[in-house]
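**Q** Here's my sequence, what's the structure:
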Amino acid sequence: MPSRAAHNAFDAYLVRRGYLDFELDYDVVHAVMARDAEWFGGDREKAEFQHSEAGLRAWLARLKNRGETPDKLTQFLRCGLAHLALDRAEAVWYAKNPGPYEKIPWKKLHRLVLKGLLKEGWSSVVFDGGEKNWGGNFADIEMRVAMLAQRRKTLSFKLSAVLLSLFATLLALEIAARALGYSRYERFANRSDVYFSNPRGYYIPLGSFHGEIVYGLPYAATPEGYRLPDLDRPETARRKPCPEGIIALGDSFTYGRGVRYEETYPFLLEEKLRARGLCVGVKNCGRVGADIGDVAAIYDRESLAASYPLVIYGFVLNDFGLPDIHRIVGSDFIDQNNGGYRYNPLRRASALVNLVMTRLDTARLSRVTTKAYLEAFTGQSARRGFAALAALDKSVQDRGGRLVVVLFPLLYDFNRYPFAEIHKKIRMFCEKERIDFLDLLPAFSAFPAESLWCHPTDHHPNEIAHRLAAEAIARFILGMKGITGEGGK
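**A** Below you'll find the predicted structure:
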């Protein structure tokens with residue numbers, strides 16, 4: 001049997017719809033019926049409507065004998081009939097959808113019961129003191145409730161099937177994403193040269209940050225910002241020195257951010273030239289963050305103290321500057337640590353979430369960042385940059401040297417590399433100005449870009465990329481006419 005609250009709510013609904021008098025207290029009807037359930041309804045699975053109505057009318061007859069008005073008794077009769085109808089509706093619902101009482105859609109049952117009552121002429125029933133039954137039945141109500149219950153049951157089944165299928169699909173995708181390696185999601189440090197993980201075992205612990213170990217290298221540098229042997233490997237500087245005849249200029253790629261001092265391309269280049277019998281020292285004057293203007297200033301300062309017949313400029317595509325760099329939030333294809341990233345624990349927990357977010361990040365950053373790099377080599381920005389490069393070449397020539405522009409590609413998807421046009425522009429400019437030019441894209445693109453990263457959150461070239469660069473530069477130098485006496489260009 002529905003609770004007293006359910007019946008009271010139904011009474012309020014009938015009052016709002018104008019079918020019961022709002023001035024009467026119908027709770028007495030429900031109290032009497034609840035107190036004598038066997039008489040007024042009995043077991044809801046076996047109760048016959050006529051018997052319940054007969055009992056209700058017998059009680060109302062006693063009220064009439066006590067002097068209650070016909071109008072009040074009529075309202076009580078309609079309330080009692082509605083009570084019994086709601087009992088039957090609940091019984092049908094439970095037969096179709098057994099479950100928690102709180103799951104019964106009482107508001108919908110109220111509407112269906114009222115429709116059935118009205119169809120049977122319930123609103124015209126009047127208590128005249130006799131024992132003649134109303135004559136209506138609950139068939140329409142039971143049918144309506146049964147249909148609603150079946151729809152709800154079917155919908156619940158379909159929803160469960162959909163959710164189960166969705167869960168199975170997500171689980172399969174999660175397993176696939178983990179198999180593809182997306183279970184690894186790196187935290188981003190607030191510095192470019194420290195990392196929260198050490199996947200290649202290349203770095204050493206440097207301390208802790210918020211309770212987590214951070215890894216990196218113990219860099220050392222001159223007051224000018226040039227790279228020195230790492231603090232934990234001072235013996236690197238003890239090799240027999242050669243007269244410095246080559247100076248390497250550039251930014252963090254030349255400095256060797258992310259690799260050991262002895263695995264930077266300037267150091268390896270000197271080693272390879274030694275192996276060919278050429279004792280020529282290579283001075284690494286790369287400085288983190290240097291652009292083409294800084295490179296020119298560094299060369300001017302260094303050339304006052306020494307003469308360098310060969311000047312290697314490790315050129316990176318951001319050396320002309322990036323217009324509207326504030327639009328790039330995230331990776332600039334080099335350094336994600338300083339790219340405005342925020343750590344997302346959900347990506348750490350789910351490989352599937354990490355895969356989706358990675359693809360979204362890649363699409364967004366590819367669009368925004370590629371545009372910024374391309375704009376750096378068009379219009380006024382390109383004119384200023386190429387003019388500075390020409391001025392650097394002239395400065396080197398005026399001091400009796402020879403400039404070699406070594407172009408480092410960005411370590412980004414070599415299969416769909418979006419900056420090939422920029423490489424072509426730089427090559428054509430160097431050919432026009434008769435500047436020696438070496439593009440490292442062919443050497444690097446033989447490998448997956450990510451295999452050349454020093455860390456998943458830091459896309460500076462690793463020791464493999466520096467070795468490839470040193471080998472390519474050594475071959476190029478050994479083939480230059482007038483430098484070693486070998487080959488020709």
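
**Q** which other helices and strands contact the helix or strand encompassing Phe429?
**A** Using DSSP states H and E, the element containing Phe429 is helix 420-433. Applying 3 or more CB pairs under 8 Å, 6 or more residues apart in numbering; DSSP states H and E, we find helix 420-433 packed against helix 351-376, helix 379-398, strand 402-407, strand 436-439. Glycine gets a C-beta too; all of them are placed from N, C-alpha and C.

**Q** Show me the contact partners of that helix.
**A** In this structure, residues lying in contact with helix 420-433 by CB atoms under 8 Å, 6 or more residues apart in numbering are 315, 317, 373-374, 377, 382, 386, 389-390, 393, 405, 407, 409, 435-437, 439, 441.

**Q** winner for burial among the helices and strands packed on helix 420-433?
**A** Of all the helices and strands packed on helix 420-433, strand 402-407 carries the top mean neighbour count, a mean of 22, counting by mean count of other CB atoms under 10 Å.

**Q** Paired strands for that strand, with orientation please.
**A** strand 310-315 (parallel), strand 436-439 (parallel) (DSSP bridges).

**Q** and stretch 480-488, what's its mean pLDDT?
**A** In this model, stretch 480-488 has a mean pLDDT of 55.

**Q** To clarify, my last question referred to stretch 258-274.
**A** On average, stretch 258-274 scores 96.

**Q** now swap in stretch 147-157 and tell me
**A** 64.

**Q** And the strands paired with strand 402-407: which comes nearest Phe267?
**A** Ranking those by proximity to Phe267 (CB to CB) places strand 310-315 first, at 12.7 Å.

**Q** which element follows the closest one toward the C-terminus?
**A** helix 345-349.

**Q** Show me what that following helix is packed against.
**A** Against helix 345-349 (3+ CB pairs under 8 Å, 6+ apart) you get helix 351-376.

**Q** sorry, back to before: from the chain's centroid, how far away is the helix holding Phe429?
**A** 37 Å (CA atoms, centre = their mean, to the nearest Å).

**Q** Between helix 379-398 and that helix, find me the angle.
**A** Between helix 420-433 and helix 379-398, the angle comes out at 40 degrees (axes from the mean of the first three to the mean of the last three CA atoms, to 10 degrees).

**Q** mind listing what's buried in helix 420-433?
**A** Neighbour counts using 16 or more other CB atoms under 10 Å place 422-423, 426-427, 429-430 of helix 420-433 among the buried residues.

**Q** Tell me the one of those nearest Gly277?
**A** Cys430 (29.1 Å).

**Q** number of nearby residues for Glu463?
**A** 20 (other CB atoms under 10 Å).

**Q** what does Phe377 give?
**A** Phe377, neighbours per other CB under 10 Å, totals 20.

**Q** With Pro218 instead?
**A** The burial count for Pro218: 11, using other CB under 10 Å.

**Q** go on, Gly207?
**A** For Gly207, using other CB under 10 Å, the count is 9.

**Q** pretty sure it belongs to a helix, no?
**A** No: Gly207 is assigned strand when assessed by DSSP: H, G, I helix; E, B strand; the rest coil, not a helix.

**Q** and it, what are its bridge partners?
**A** Val214.

**Q** Quick check: closest non-adjacent residue to the spatially most central residue of the chain.
**A** For the chain, Met357 is the residue whose C-alpha lies nearest the centre (CA atoms, centre = their mean; 3.0 Å). Excluding its sequence neighbours, the residue lying closest to Met357 (CB to CB, 6 or more residues apart in numbering) is Arg347, at 5.5 Å.

**Q** what residue ranges in the stretch 151-300 of the chain score low on pLDDT?
**A** Where the stretch 151-300 of the chain drops to pLDDT under 70, the residues are 151-157, 181-192, 236-239.

**Q** 50 - rerun?
**A** By pLDDT under 50, the weakly predicted segments of the stretch 151-300 of the chain are 188-190.

**Q** For Glu450, what are phi and psi?
**A** Here is the backbone geometry of Glu450 (degrees, to the nearest 10): phi -70, psi -20.

**Q** Compute the distance between it and Ala382, please.
**A** Going from Glu450 to Ala382 by CB to CB, to the nearest Å gives 30 Å.

**Q** Check Phe253 too.
**A** Noted for Phe253: a distance of 21 Å to Ala382, by CB to CB.

**Q** in stretch 57-65, what counts as buried?
**A** Applying 16+ other CB under 10 Å to stretch 57-65 flags 57, 59-60, 63-64 as buried.

**Q** now do stretch 109-123
**A** 109-110, 112-114, 116-117, 120, 122.

**Q** Just name the closest of those to Arg260, please.
**A** Closest approach between the buried residues of stretch 109-123 and Arg260, by CB to CB: Leu109, at 76.4 Å.

**Q** Leaving out sequence neighbours, find the closest residue to the closest one.
**A** Nearest one to Leu109, counting by CB to CB, 6+ apart, is Ala89 at 5.0 Å.

**Q** That neighbour reaches Leu114, doesn't it?
**A** No: at 10.4 Å, Ala89 does not count as touching Leu114 under the criterion of CB atoms under 8 Å.
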